[in-house]
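**Q** Here you go, sequence then predicted model.
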Amino acid sequence: MRYLAAVQVLLTHGYFLAQDPHEAELMRPFPPLGIQYLVAALRQAGIGAEWWDATWQPGPETFPAALDAARPDVVGFYGHTITRPVTAGMVAEAVGRGLRVVAGGPDPVQYLDEYFAMGVEVVVVGEGERTLVELVAHLRANHGRWDFDGLANVAGIAFLREGAVVRTPARPLIRPLDSLPWPARERADLSAYFAAWRARHGETALSMTTSRGCPYHCTWCSKQVYGDTFRRREPDAVIDELLAMREQFAPDQVWFVDDMFTLNKRWVERFCNRMIERRAVMPFYVIGRAETLEPAQLALMRAAGCYRMYVSAESGADHVLSAMKKGTTVAELRTAGRLLREAGIEMGAFVMLGYPGEERPDVLATRDLLRDLRPAVTLVSVAHPMKGTAFYDAVKGDVNGVSGGRLRFRMAYSDRFYDAAQRMLWADERARRAREAGQPARWLSASARYAWWRGVLTLP
């Protein structure tokens, strides 16, 4: 590597939308907010930084040309379970050019050996903004090389030294969050997202965050980056960013990506009141906890522009919710559905099939719960464990393979059963919406009938 009087950083990821048929069908993509935050933090520190968005590329074969164009000294990869196999080839390309390679995100921390085997030199553990700035300063001071004695003093990283993994002490979490610069949003980066949204939905959307972390302990949730804490920005600081983003890009709506928007009722009240007072009202949607919802709070959110709230419903069986340590009951979910309807806010529901302990009647109970909730959007997934979670610890002895980058484990029923159960839920949702719209029930195809009557009722 050449002497680094200055350091140029290129950040990227291994997610290619063309290789994800399910998301390509939904077509609700957002730019990677975490990478945009990292780019902004590096630039604030006087470091040249760009990001290459793999989302709209046909595949990793286009990555070498991106390296040719950017000519970086350091390449940073955001690692995710489903993109790990693709990322390995991209890392090899960067290493083959003699570039410094780092990685971060929820996946590398749990698969250090795999990422080091790819050629990644340093893994960022936890929040990346301040750690990455320090790593680049380290390279600049050491003429583009890692000084392992010095690396041992950089908090929040892991690296390989003489064949042994070294993990340094955890870096303190960033407080206050408003000390971070706003994400590096640029028109050229957003144009493909806006075009995709307009073509499919006739509208555009951008994402923001008001907080980091979640204090709840759902067994399947990874907390490798933000931990168990919950830190929140000041309402007016959020609105400042929102207004600037609206002025520059004019999105039709905003997605607040917080794990738990409704957690602090006083904060929500202050935020919504300031949205109204500052004439910042615009459509937005969030994730909320069922048991935190109250009529007055929801009415104020609706007045501030909230039109949809996603709720982690997961199951219509209380014993499954209890096993997940959700801290929510089926009765509370039903109450949340009613309160949202009364407030004029749509519900979005997350559902998980196949969690240990779920049996055939529980799937039908989930169907019945969705009939009561009447969500505008239902997102269904099949349970898969991630390292570093209580779910993984409980089933690691039953892990029996990998599919699409996700760990598989010995489940109660066959793959055909869970495929049929998903199709049954989707068919039932389409039927409900057809009835509500006063349309004839032409929704039930032969495959849906099979899923409903044969799949959930009789498949092993």
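**A** Now that the structure is in, tell me what you want to look at.
**Q** which residues touch the residue nearest to Gly89 when sequence neighbours are not counted?
**A** Distances taken as C-beta to C-beta, 6 or more residues apart in numbering put Pro60 closest to Gly89, at 5.4 Å, once the chain neighbours are dropped. In this view, the C-beta of every residue, glycine as well, is placed from N, C-alpha and C. Pro60 is in contact with Gly14, Phe16, Ala54, Val86, Gly89, Met90, counting by C-beta atoms under 8 Å, 6 or more residues apart in numbering.
**Q** where's Pro60 relative to Phe16, distance?
**A** Plainly put, Pro60 is 7 Å away from Phe16 if you go by C-beta to C-beta, to the nearest Å.
**Q** overlap in contacts of those two?
**A** Counting by C-beta under 8 Å, 6+ apart, the common neighbours of Pro60 and Phe16 are Ala54, Val86.
**Q** Mind checking what secondary structure Phe116 has?
**A** With DSSP: H, G, I helix; E, B strand; the rest coil as the basis, Phe116 sits in helix.
**Q** Name the nearest residue to it, ignoring sequence neighbours.
**A** Nearest to Phe116 is Leu160, by C-beta to C-beta, 6+ apart, at 4.7 Å.
**Q** Parallel or antiparallel, list what pairs with the helix or strand harbouring that neighbour.
**A** Assigned by DSSP states H and E, Leu160 belongs to strand 157-161. As defined by DSSP bridges, the strand partners of strand 157-161 come to strand 122-124 (antiparallel), strand 164-167 (antiparallel).
**Q** ok, and which of those has the densest surroundings?
**A** When you average the neighbours per residue for each of these (mean count of other C-beta atoms under 10 Å), strand 122-124 leads with a mean of 27.
**Q** C-alpha coordinates for the longest helix anywhere in the chain, CSV please?
**A** For the chain, the helix that runs over the most residues, judged by DSSP state H, is helix 415-436. Output in CSV follows, covering the C-alpha atoms of helix 415-436 (Å, rounded to 0.1, in the frame of the first residue of the first chain):
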residue,chain,number,x,y,z
ASP,A,415,-40.5,-27.2,4.8
ARG,A,416,-43.6,-28.0,2.7
PHE,A,417,-45.7,-27.3,5.8
TYR,A,418,-44.2,-23.9,6.5
ASP,A,419,-44.4,-23.0,2.8
ALA,A,420,-48.1,-24.0,2.8
ALA,A,421,-48.7,-22.1,6.1
GLN,A,422,-47.3,-18.9,4.6
ARG,A,423,-49.5,-19.3,1.5
MET,A,424,-52.5,-19.9,3.6
LEU,A,425,-52.0,-16.7,5.6
TRP,A,426,-51.5,-14.7,2.5
ALA,A,427,-54.5,-16.2,0.8
ASP,A,428,-56.6,-15.5,3.9
GLU,A,429,-55.4,-11.9,3.9
ARG,A,430,-56.3,-11.4,0.3
ALA,A,431,-59.8,-12.9,0.9
ARG,A,432,-60.3,-10.5,3.8
ARG,A,433,-59.3,-7.5,1.8
ALA,A,434,-61.5,-8.6,-1.1
ARG,A,435,-64.5,-8.8,1.3
GLU,A,436,-63.8,-5.4,2.8
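**Q** what packs against that helix?
**A** Counting contacts by 3 or more C-beta pairs under 8 Å, 6 or more residues apart in numbering; DSSP states H and E, helix 415-436 packs against strand 346-353, helix 360-373, strand 377-382, helix 446-449, helix 456-458.
**Q** comparing these, which gets the lowest mean pLDDT score?
**A** Mean pLDDT is lowest for helix 446-449 among the helices and strands packed on helix 415-436, at a mean of 52.
**Q** His217 touches Asp228, doesn't it?
**A** Yes: shown here, His217 and Asp228 form a contact pair, counting by C-beta atoms under 8 Å, at 7.5 Å.
**Q** Of those two, which one has the most company?
**A** The neighbour comparison of His217 against Asp228 (other C-beta atoms under 10 Å) goes to His217, with 14 against 10.
**Q** now the nearest residue to that one once chain neighbours are set aside: how far from Arg334?
**A** Spatial nearest neighbour of His217, excluding adjacent residues (C-beta to C-beta, 6+ apart): Lys325 at 5.3 Å. Distance, Lys325 to Arg334, by C-beta to C-beta: 20 Å.
**Q** got it, and Leu177?
**A** Relative to Arg334, Leu177 is positioned 34 Å away (C-beta to C-beta).
**Q** Comparing those two, which shows the higher neighbour count?
**A** Shown here are Leu177 and Arg334; by other C-beta under 10 Å, Leu177 has more neighbours (19 against 16).
**Q** show me the contacts for that one.
**A** Leu177 is in contact with Ser211, Arg212, Arg231, Arg232, Arg233, counting by C-beta under 8 Å, 6+ apart.
**Q** ok, the second one - contacts?
**A** The reference is to Arg212. Arg212 makes contact with Glu127, Leu173, Ile174, Leu177, Tyr226, Thr229, Phe230, Arg231 under the criterion C-beta under 8 Å, 6+ apart.
**Q** One more pass at 7 Å, please.
**A** Counting by C-beta atoms under 7 Å, 6 or more residues apart in numbering, Arg212 makes contact with Leu177, Tyr226, Arg231.
**Q** And Gly401, by the same measure?
**A** Gly401 touches Arg408, counting by C-beta under 7 Å, 6+ apart.
**Q** Just to be sure, it is in a strand?
**A** Yes: assessed with three-state DSSP, Gly401 lies in a strand.
**Q** Relative to Asp415, how far out is it?
**A** Gly401 sits 11 Å away from Asp415 when distances are taken as C-beta to C-beta.
**Q** burial count for Pro169?
**A** Count around Pro169 with other C-beta under 10 Å applied: 12.
**Q** typo on my end, it should be Tyr310
**A** By other C-beta under 10 Å, 20 other residues sit near Tyr310.
**Q** wait, what's in contact with it?
**A** Ile287, Gly348, Phe350.
**Q** State the mean pLDDT of the helix or strand encompassing it.
**A** Using DSSP H and E, Tyr310 sits within strand 306-314. The average pLDDT within strand 306-314 is 97.
**Q** Verify the stated contact: Tyr216 with Thr328.
**A** No: counting by C-beta atoms under 7 Å, no contact exists between Tyr216 and Thr328, whose distance comes to 9.3 Å.
**Q** Buried residues, the helix or strand hosting Ala188. List them.
**A** Using DSSP H and E, Ala188 maps to helix 187-201. Buried residues in helix 187-201, counting neighbours by 16 or more other C-beta atoms under 10 Å, are found at Asp189, Leu190, Tyr193, Phe194, Ala196, Trp197.
**Q** So which elements touch it?
**A** If you count contacts as 3 or more C-beta pairs under 7 Å, 6 or more residues apart in numbering; DSSP states H and E, helix 187-201 packs onto no helix or strand.
**Q** Just the CA coordinates for it, please, in CSV.
**A** Provided in CSV are the C-alpha atoms of helix 187-201 (Å, rounded to 0.1, in the frame of the first residue of the first chain):
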residue,chain,number,x,y,z
ARG,A,187,-29.4,13.0,-4.8
ALA,A,188,-27.4,10.7,-7.0
ASP,A,189,-27.6,8.0,-4.3
LEU,A,190,-31.3,8.3,-4.0
SER,A,191,-32.5,8.5,-7.6
ALA,A,192,-32.8,4.7,-8.2
TYR,A,193,-34.8,4.3,-4.9
PHE,A,194,-37.1,7.1,-5.9
ALA,A,195,-37.6,5.7,-9.4
ALA,A,196,-38.4,2.2,-8.0
TRP,A,197,-40.9,3.5,-5.5
ARG,A,198,-42.7,5.7,-8.1
ALA,A,199,-42.9,2.9,-10.6
ARG,A,200,-44.3,0.4,-8.1
HIS,A,201,-46.2,2.5,-5.6
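**Q** Great, nothing more from me.
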